[in-house]
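Colleague: how would this look folded up:
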Amino acid sequence: MNDQLKGVIFDVDGTLVASNDAHAEAWVDAFATFGYDDVSFDRVRPLIGMGGDRLIPQVVPGLSDEENPGKEIARYRQKLFLNSYAQQLSPTKGARELVIKIKEAGLKAIVASSAKKEELSILLKAARVDDLLPEATTADDAEESKPSPDIVRAALNKQDLPPDRVVMLGDTPYDIKAAKAAGVGVIALRCGGWQDDRLAEALAIYDDPADLLAHYADSPLGQAESK
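Modeller: Down below sits the predicted model:
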């Protein structure tokens, strides 16, 4: 990372909104609805953070989100999530305050999420940052979802930012892999449910946005700003 930080890329699920368990539950329900009753929460949960196009064949080899029944499962999962699970979501601790701090520091801010636009809009509202983060790249802006770097690269291009002057905030190893492939360092947050050994390639690891904010001056964000 270059000393002169210019921008921050935000993941949303698990980073700004506590949604990872809800996503896993929606997938389990969707698979069961189409006869895949043996798909368990424990099977799906470690895959949350990658796009549905990658998750489906990981859970049931041979299925694809481009052909039925995988396509129907993906559509039903989204409908179920938006109409049921999304209504119960809450922000991660300190999410709004951290975004405000980053914007007050004069840094460009943009979202890079594997969610589709309709879903992302609801997630940002649940995180209570929809008014703070108008710029976003979604699954619609990328050929491949995370852990592919496509979405991160799209965010860099949209904000005209060089990767060595950007930090991404994420909560999964898929965020780290995607950002690293795009030349961007990651600050990882444990609030997404991942253990430190799976986040080890991050620049630093904090419990949640509030923890990062409490240690802001000593974080990669604060250190870059002070130089």
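
Colleague: Centre of the chain to stretch 26-45, how far?
Modeller: Offset of stretch 26-45 from its chain centre (C-alpha atoms, centre = their mean, to the nearest Å): 21 Å.

Colleague: Identify each buried residue in it, please.
Modeller: A26, W27, V28, D29, A30, F31, F34, V39, R43, V44, R45 (16 or more other C-beta atoms under 10 Å). Every residue, glycine included, has its C-beta placed from N, CA and C.

Colleague: Show the contacting residues for the last one.
Modeller: Read it as R45. By C-beta atoms under 8 Å, 6 or more residues apart in numbering, the contact list for R45 reads N20, D21, A24, G193.

Colleague: For ChimeraX, write a command that selects the buried ones of these.
Modeller: Remark: buried members of the contacts of R45, expressed as a ChimeraX selection using 16+ other C-beta under 10 Å:
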select :20,21,24,193
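
Colleague: Can you lay out the contacts of R45 as JSON lines showing pLDDT, secondary structure and distance to K180?
Modeller: Converted to JSON lines, the contacts of R45 look like this (pLDDT from 0 to 100; DSSP: H, G, I helix; E, B strand; the rest coil; distance: C-beta to C-beta, whole Å):
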{"residue": "N20", "pLDDT": "97", "secondary structure": "helix", "distance to K180": "21"}
{"residue": "D21", "pLDDT": "97", "secondary structure": "helix", "distance to K180": "26"}
{"residue": "A24", "pLDDT": "98", "secondary structure": "helix", "distance to K180": "24"}
{"residue": "G193", "pLDDT": "97", "secondary structure": "coil", "distance to K180": "20"}
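
Colleague: and which of the contacts of R45 is nearest V152?
Modeller: Checking the contacts of R45 against V152 by C-beta to C-beta gives N20 as the nearest, at 19.1 Å.
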